[in-house]
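Novice: From the sequence below, what's the structure:
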Amino acid sequence: MNRTFLGLALAALISTPLAAQQEAWRHKWYWGVQAGVFQYKTPIRAAWQRAPSVGGHWLITASRSALYLAYDEILFDRPYDGKFQADTSLIIDPTAAGGVRPIEFTRGRRIQAHIYIIPTDSRIQPYLGGGFAIQQLPDATPLLGTDTLTANQVEGLLKVVDQTSTRASPVFTGGLQFRFGRLAVYGHYQFMPEGRNFLLTGSQHAFQGGLRYALTSAREEVTTGR
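Specialist: Model prediction:
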């Protein structure tokens with residue numbers, strides 16, 4: 001009898017923390033911030049370039065999965081001789097000397113939507129997922145130099161810049177999350193394959209870390225009264 005009682009008591013002590021851990025992150029709406037490094041190449045520089053990024057996100061969790069929605073700003077300009085200098089790419093332009101024209105940009109943005117798989121209820125949670133991102137260089141500007149272009153040529157040039165400064169890309173993510181109640185600290189790696197007709201060449205990589213906090217529940221509890 002005593003052994004049975006002790007066994008039941010031990011089972012209750014073990015199951016309660018596990019249930020609390022599950023409840024701490026499932027069906028929650030997390031609000032978070034992130035920062036990191038964005039790695040890329042351009043036609044001008046063959047070596048990897050790196051730029052800092054900052055942003056915010058929502059993570060809406062289910063039982064074993066989560067929806068991740070994020071916005072990131074990327075700062076491409078870098079200090080040079082005491083001043084910040086824009087980064088540069090190239091586009092094909094028959095009106096330019098050599099048939100290519102340099103394009104300057106200082107900012108980038110990414111809008112992402114992912115589905116994550118979170119297989120464990122432990123405090124340390126690995127996750128994998130994928131989705132899509134819209135990448136944009138909103139201030140991409142052609143360098144005209146001493147070239148004299150007609151209005152139609154300028155309009156055509158701006159149209160090419162607009163087409164090559166935005167793209168949609170698949171994104172693949174792997175990361176690790178450490179939970180402390182409703183608060184979570186995480187880090188992840190993101191891979192974006194090479195895209196065509198874009199000012200950034202080759203594949204892109206992002207290394208990010210941040211904080212997120214579960215402010216609200218992601219579902220409403222239905223109760224009935226008699």
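Novice: C-alpha only now, for contacts and for neighbours.
Specialist: Fine.
Novice: low pLDDT regions in this structure?
Specialist: The model of the chain has pLDDT under 70 over residues 1-23, 79-82, 218-226.
Novice: In it, mark out all the strands, start to finish.
Specialist: 28-41, 49-61, 65-75, 78-80, 83-85, 87-92, 100-105, 107-117, 124-136, 141-142, 166-180, 183-192, 201-217 (DSSP state E).
Novice: The third one pairs with which strands, parallel or anti?
Specialist: It refers to strand 65-75. strand 49-61 (antiparallel), strand 107-117 (antiparallel) (DSSP bridges).
Novice: which non-adjacent residue is nearest Arg50?
Specialist: Computed as C-alpha to C-alpha, 6 or more residues apart in numbering, the closest residue to Arg50 that is not its neighbour in sequence is Gln39, at 4.6 Å.
Novice: Relative to Thr166, how far out is that neighbour?
Specialist: According to C-alpha to C-alpha, to the nearest Å, Gln39 and Thr166 sit 17 Å apart.
Novice: more neighbours, those two?
Specialist: Neighbour totals were compared for Gln39 and Thr166, and Thr166 leads with 21 against 16 (other C-alpha atoms under 10 Å).
Novice: Surely that one touches Asp139?
Specialist: No. Thr166 is beyond contact range of Asp139, at 11.1 Å (criterion: C-alpha atoms under 8 Å).
Novice: about what we covered before: for Arg212, which of the strands paired with strand 65-75 is the nearest?
Specialist: strand 49-61 (8.2 Å; C-alpha to C-alpha).
Novice: Pull the number of nearby residues for the closest residue to Pro142 other than its chain neighbours.
Specialist: Excluding its sequence neighbours, the residue lying closest to Pro142 (C-alpha to C-alpha, 6+ apart) is Ile103, at 4.5 Å. Per other C-alpha under 10 Å, the neighbour tally for Ile103 reads 20.
Novice: got it, and Gln153?
Specialist: 14.
Novice: List the contacts of the residue nearest to Arg50.
Specialist: Gln39 makes contact with Trp48, Gln49, Arg50, Ala51, Gln204, His205, Ala206, according to C-alpha atoms under 8 Å, 6 or more residues apart in numbering.
Novice: Run through the bridge partners of the fourth one.
Specialist: When bridges are called by DSSP bridges, Ala51 pairs up with Phe38.
Novice: I'd assumed Phe38 was in contact with it.
Specialist: Yes. Between Ala51 and Phe38 there is a contact under C-alpha under 8 Å: 5.2 Å.
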